[in-house]
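Asks: I would like the atomic coordinates for the input below:
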Amino acid sequence: MHGRGGWRRQRHGRGGAGALGGARGLDTIELACNPLGGGLPPDIAFFTALATIDLREMELEGPIPDDVGCLEHLKFLDLHENQLSGEFPEALGNATNLERLYLHNNDLTGLVPKALGN
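Replies: Predicted coordinates:
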């Protein structure tokens, strides 16, 4: 990862998502208000059962990985009050079960995918 080190990934042979590779059935990540820094791990989509991601106010930076749009059970995504940047991920429109999305107070650019309005 990049930034101040925060989310360090470790690879242990097989699987993805570093040290949490054995938690594939994880459905909730709530780490809000912990200034871990770094960026969102691109292999967050490895946790296919995720329904809730609450990583607000964590000093996260960099882009939102496109693979977040592959989380078919995702209903709640809160990434507000970070330093996330780059284009708004078009792939987020593929998260068809998404009910709540909070991305304010970041440095994202581009348009919100039309599919999110359906």
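Asks: end to end, how far does stretch 35-46 reach?
Replies: From the first residue to the last, stretch 35-46 extends over 23 Å; the measure is CA to CA, to the nearest Å.
Asks: now do stretch 74-82
Replies: OK, stretch 74-82 end separation, CA to CA: 20 Å.
Asks: For that stretch, give the mean pLDDT please.
Replies: Across stretch 74-82, pLDDT averages out at 97.
Asks: and what of stretch 45-58?
Replies: Rounded mean pLDDT across stretch 45-58 is 94.
Asks: Hmm, residue 38 is touching residue 60, no?
Replies: Yes: using CB atoms under 8 Å, residue 38 is in contact with residue 60, at 6.6 Å. To be clear about C-beta, it is placed using only N, CA and C from the backbone, and glycine gets the same treatment.
Asks: higher neighbour count, those two?
Replies: residue 60 (25 against 19; other CB atoms under 10 Å).
Asks: Other residues contacting stretch 105-116?
Replies: Residues outside stretch 105-116 that contact it (CB atoms under 8 Å, 6 or more residues apart in numbering) are 64, 79-88, 90, 92-94, 96, 98, 101.
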